[in-house]
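Asker: I'll drop the sequence and a predicted model, then ask my questions.
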Amino acid sequence: MPLGGFIVCLFVSIICFLFGFMIWKKKELSLIAGYDEKTFKGDKKKLAFAVGLLLYGIGLLTLLLPLGLEFIGSIIGTLYGIIVVFSIVVCVGYIKYISK
(Lines give C-alpha, C1' and ligand atoms only; values in the text may rest on other atoms or scores of the structure.)
Protein backbone atom coordinates (compact mmCIF):
# COMPACT_ATOMS: atom_id res chain seq x y z
CA MET A 1 0.00 0.00 0.00
CA PRO A 2 1.52 3.35 -1.00
CA LEU A 3 2.08 5.44 2.12
CA GLY A 4 1.52 8.77 0.34
CA GLY A 5 -2.01 7.85 -0.74
CA PHE A 6 -2.88 6.67 2.75
CA ILE A 7 -1.57 9.90 4.31
CA VAL A 8 -3.57 12.04 1.87
CA CYS A 9 -6.75 10.06 2.54
CA LEU A 10 -6.13 10.27 6.29
CA PHE A 11 -5.64 14.05 6.09
CA VAL A 12 -8.81 14.54 4.00
CA SER A 13 -10.88 12.34 6.30
CA ILE A 14 -9.65 14.24 9.39
CA ILE A 15 -10.74 17.49 7.74
CA CYS A 16 -14.15 15.98 6.92
CA PHE A 17 -14.57 14.75 10.51
CA LEU A 18 -13.53 18.15 11.87
CA PHE A 19 -15.91 20.09 9.65
CA GLY A 20 -18.69 17.57 10.31
CA PHE A 21 -18.20 18.03 14.05
CA MET A 22 -18.12 21.82 13.79
CA ILE A 23 -21.30 21.93 11.70
CA TRP A 24 -23.32 19.19 13.41
CA LYS A 25 -22.37 19.51 17.07
CA LYS A 26 -21.22 23.14 17.32
CA LYS A 27 -23.87 24.45 14.85
CA GLU A 28 -21.30 26.48 12.88
CA LEU A 29 -23.59 26.78 9.88
CA SER A 30 -21.46 29.53 8.35
CA LEU A 31 -19.04 26.76 7.30
CA ILE A 32 -21.62 25.49 4.80
CA ALA A 33 -20.99 26.91 1.33
CA GLY A 34 -23.86 29.12 0.19
CA TYR A 35 -25.52 29.27 3.61
CA ASP A 36 -27.10 32.63 4.40
CA GLU A 37 -28.65 33.24 7.80
CA LYS A 38 -31.10 35.78 6.35
CA THR A 39 -32.46 33.70 3.49
CA PHE A 40 -32.59 30.19 5.03
CA LYS A 41 -36.06 29.66 6.44
CA GLY A 42 -35.86 25.97 7.35
CA ASP A 43 -34.92 24.06 10.49
CA LYS A 44 -31.30 24.86 11.29
CA LYS A 45 -30.88 21.78 13.50
CA LYS A 46 -31.93 19.50 10.65
CA LEU A 47 -29.58 21.33 8.30
CA ALA A 48 -26.67 20.94 10.70
CA PHE A 49 -27.49 17.26 11.21
CA ALA A 50 -27.74 16.50 7.48
CA VAL A 51 -24.53 18.26 6.46
CA GLY A 52 -22.60 16.99 9.50
CA LEU A 53 -23.71 13.42 8.87
CA LEU A 54 -22.77 13.74 5.20
CA LEU A 55 -19.29 14.93 6.13
CA TYR A 56 -18.85 12.12 8.68
CA GLY A 57 -19.85 9.60 6.01
CA ILE A 58 -17.51 11.03 3.40
CA GLY A 59 -14.73 11.12 6.00
CA LEU A 60 -15.26 7.45 6.85
CA LEU A 61 -15.38 6.40 3.20
CA THR A 62 -12.23 8.40 2.48
CA LEU A 63 -10.46 6.77 5.41
CA LEU A 64 -11.38 3.30 4.11
CA LEU A 65 -10.62 4.10 0.46
CA PRO A 66 -6.92 3.06 0.45
CA LEU A 67 -7.75 -0.29 2.04
CA GLY A 68 -10.46 -0.96 -0.53
CA LEU A 69 -8.16 -0.02 -3.38
CA GLU A 70 -5.41 -2.28 -2.04
CA PHE A 71 -7.48 -5.38 -1.31
CA ILE A 72 -10.41 -5.19 -3.75
CA GLY A 73 -9.15 -3.13 -6.68
CA SER A 74 -9.77 -0.04 -8.71
CA ILE A 75 -13.53 -0.64 -8.90
CA ILE A 76 -13.64 0.69 -5.33
CA GLY A 77 -12.50 4.11 -6.57
CA THR A 78 -15.42 4.24 -8.99
CA LEU A 79 -17.83 3.03 -6.33
CA TYR A 80 -16.47 5.62 -3.89
CA GLY A 81 -17.10 8.41 -6.41
CA ILE A 82 -20.62 7.21 -7.16
CA ILE A 83 -21.53 6.96 -3.47
CA VAL A 84 -20.11 10.40 -2.65
CA VAL A 85 -21.86 12.13 -5.56
CA PHE A 86 -25.16 10.35 -4.87
CA SER A 87 -24.94 11.26 -1.17
CA ILE A 88 -24.33 14.91 -1.98
CA VAL A 89 -27.28 14.99 -4.40
CA VAL A 90 -29.55 13.41 -1.78
CA CYS A 91 -28.31 15.86 0.88
CA VAL A 92 -28.91 18.88 -1.39
CA GLY A 93 -32.41 17.59 -2.16
CA TYR A 94 -33.08 17.15 1.57
CA ILE A 95 -31.82 20.67 2.30
CA LYS A 96 -34.14 22.07 -0.40
CA TYR A 97 -37.00 20.08 1.16
CA ILE A 98 -36.43 21.35 4.72
CA SER A 99 -35.88 24.95 3.61
CA LYS A 100 -39.47 25.38 2.41
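Answerer: Cool, the structure landed.

Asker: Could you report the separation of Cys40 from Glu28?
Answerer: One correction, residue 40 is Phe, not Cys. Using Cβ to Cβ, to the nearest Å, one gets 14 Å for the distance from Phe40 to Glu28. (C-beta placed from N, C-alpha, C; glycine too.)

Asker: repeat for Leu54
Answerer: Relative to Glu28, Leu54 is positioned 15 Å away (Cβ to Cβ).

Asker: Neighbour count for the two, which is higher?
Answerer: Set side by side, Leu54 and Glu28 show unequal neighbour counts under other Cβ atoms under 10 Å, the larger going to Leu54 at 22 against 15.

Asker: From Ile15, how far out is that one?
Answerer: Taken as Cβ to Cβ, the spacing of Leu54 relative to Ile15 amounts to 14 Å.

Asker: same for the longest helix anywhere in the chain, what does it pack against?
Answerer: Taking DSSP state H as the criterion, the chain has its longest helix at helix 44-71. Taking 3 or more Cβ pairs under 8 Å, 6 or more residues apart in numbering; DSSP states H and E as contact, the helices and strands that helix 44-71 lies on are helix 3-24, helix 75-98.
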